[in-house]
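S.K.: Next comes the sequence, and after it the predicted model I'd like to discuss.
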Amino acid sequence: MTRRRVEAYRRTVVAALALTGAALFILTGLALAVRLVRIGNLDAMALAEKLAVPCPSSAADWPELRISAVVPQPGQPSVVLLLVRWPGHHGLQATLLVRLDGTDQRSLPLLSRWCADRSPISPRRCQATELEFRRRQSMERIRVRLLAEDAASASLPARP
């Protein structure tokens, strides 16, 4: 009789562990799906905002940009010179002088990694001079203050 109880107990424990494992697997899948949908929605909203500006005059209004160079100012690493380009328009590039948040120590390494990886970046204006750079298909983002922009190289060629 005790042997039957022990076997029944083992089966019950194994069944409970299997159900718990299946539930965790399903919840993990749902959490991943929710994250991917959220990132997709952010990308779609960013693109919709950018399409509202048919001829962007600033790199901040481009639908996507790639960082070609990150040059921190010597002695003042919070001021960074960024050379950015619009992948959809060959030869179209701009130079941005930005100030990073002095308390955020991950901004400069993140910009450098995005540059090295040639990651697509979605720029978004937060205020008149504040920009948010978000790496596409991820939640990585940083905020910068735009100090200056080389607008001559940022303008689109005239449409016929």
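M.R.: Looks like it arrived, so ask away. Numbering: from 1, shown residues only.
S.K.: Could you tell me how many residues sit around P77?
M.R.: For P77, the tally of surrounding residues (other CB atoms under 10 Å) stands at 13. The way it works is simple: take the backbone N, C-alpha and C, and place the C-beta from them, glycine included.
S.K.: what bits of the chain have low per-residue confidence?
M.R.: Residues of the chain that meet the criterion pLDDT under 70 lie in 1, 50, 52-54, 151-160.
S.K.: Give me the nearest residue to the residue positioned nearest the centre of it, chain neighbours excluded.
M.R.: In the chain, the C-alpha closest to the average C-alpha coordinate belongs to R135, at a distance of 2.2 Å (CA atoms, centre = their mean). Excluding the flanking residues, the one nearest R135 by CB to CB, 6 or more residues apart in numbering is S119, at 5.1 Å.
S.K.: Likewise for I142?
M.R.: Leaving aside its chain neighbours, I142 sits nearest to S107 (4.6 Å; criterion: CB to CB, 6+ apart).
S.K.: Which stretches in this protein count as strands?
M.R.: 66-73, 76-85, 93-100, 121-125, 130-135, 141-149 (DSSP state E).
S.K.: Take those strands and write them to JSON lines, including distance to V14.
M.R.: Formatted as JSON lines, these follow (distance: least, CB to CB, whole Å):
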{"stretch": "strand 66-73", "distance to V14": "53"}
{"stretch": "strand 76-85", "distance to V14": "57"}
{"stretch": "strand 93-100", "distance to V14": "54"}
{"stretch": "strand 121-125", "distance to V14": "48"}
{"stretch": "strand 130-135", "distance to V14": "44"}
{"stretch": "strand 141-149", "distance to V14": "45"}
